[in-house]
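> based on what follows, work out the 3D shape:
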Amino acid sequence: MTNALRPSEMFALKWQSFNYEKLTITLSETVYKGKIRPWGKTPKSMGVIHITQELAKALLFWKQQCPTPTPDTFIFSNSRENFIDADRFRKQVLHKLAAELKLPKLTFRVIRRSIATLAQTMGSVKDIQGILRHSSASTTADVYMQEISEGVQMTLLSISNELRAIPSSSSLEPNGSCCQPIESSLEFEVAMNM
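This is a model prediction of the structure:
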């Protein structure tokens, strides 16, 4: 789930999409309304995505458990070796998991938004846009990422610390500019925290 795949992307994956050596998965098809289609939700949806070593190992282990892991077999298949229905998975797996974890709701969209929100302290909006494969960074920032109050506090503290590292204007020679030097350290503290 760390790659924040949409269900239409995840359930269309076949073993030929998985490259253990390169730590990649190639998204080339999606499932929509019970059919496989050769396009995604957005132009950025399709293509090669990087995966972690841990996920690659888990997929390799899963492949060894599958009865027929041929290149054309779905990675996540039902008992008839067809792709899994996303609605059925949501009801049979995610809803049960939400109840066990005492979560009010658990859907693929909730998972994708949670990943976007958690990632904001780990990378830029463009990085997160790349993980989610959104066409627009504004969708990532405005719709998917939620404010984390601790993150806001840490950002303010970081800015404050950075500004404190700048020499105060009282230590600078006056050069006839219209700015007045700050006279006291208390005045400086108040100004820096505004």
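
> mind listing the strands for this protein?
In order along the chain, the chain carries the following strands (DSSP state E): 18-19, 24-27, 30-32, 35-37, 47-50.

> can you add mean pLDDT, distance to I131 and mean neighbour count and give those strands back as a markdown table?
Every C-beta, even on glycine, is put in place using the N, C-alpha and C of the backbone. Rendered in a markdown table, the data for the strands of the chain read as follows (pLDDT from 0 to 100; distance: least, Cβ to Cβ, whole Å; neighbours: other Cβ atoms under 10 Å):
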| stretch | mean pLDDT | distance to I131 | mean neighbour count |
| --- | --- | --- | --- |
| strand 18-19 | 95 | 18 | 18 |
| strand 24-27 | 92 | 13 | 19 |
| strand 30-32 | 89 | 17 | 20 |
| strand 35-37 | 88 | 23 | 12 |
| strand 47-50 | 88 | 8 | 14 |
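
> adding distance to S149 as columns, could you present those strands in JSON lines?
JSON lines is the format used below for these (distance: least, Cβ to Cβ, whole Å):
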{"stretch": "strand 18-19", "distance to S149": "39"}
{"stretch": "strand 24-27", "distance to S149": "34"}
{"stretch": "strand 30-32", "distance to S149": "36"}
{"stretch": "strand 35-37", "distance to S149": "41"}
{"stretch": "strand 47-50", "distance to S149": "31"}
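
> looking at these, spot the one closest to E162.
For the strands of the chain, the distance to E162 is smallest for strand 47-50, at 32.0 Å, taking Cβ to Cβ.

> partner strands of that closest one, with direction?
Strand 47-50 has the following strand partners under DSSP bridges: strand 24-27 (antiparallel).

> any idea how far the partner strand is from the chain center?
Centroid separation for strand 24-27 versus its chain: 16 Å, with Cα atoms, centre = their mean, to the nearest Å.

> and what of stretch 39-53?
In this view, stretch 39-53 has its centroid 13 Å away from the chain centroid, taken as Cα atoms, centre = their mean.

> contacting residues around that stretch?
In this structure, residues lying in contact with stretch 39-53 by Cβ atoms under 8 Å, 6 or more residues apart in numbering are 2-3, 6, 8-9, 23-28, 30, 59, 133-135.

> what do you get for stretch 93-112?
Contacting residues not belonging to stretch 93-112 are listed as 1, 4, 6-7, 86, 90, 132, 144 [Cβ under 8 Å, 6+ apart].

> just the closest of these to T117, please.
Comparing the contacts of stretch 93-112 against T117 with Cβ to Cβ places Y144 closest, at 7.5 Å.
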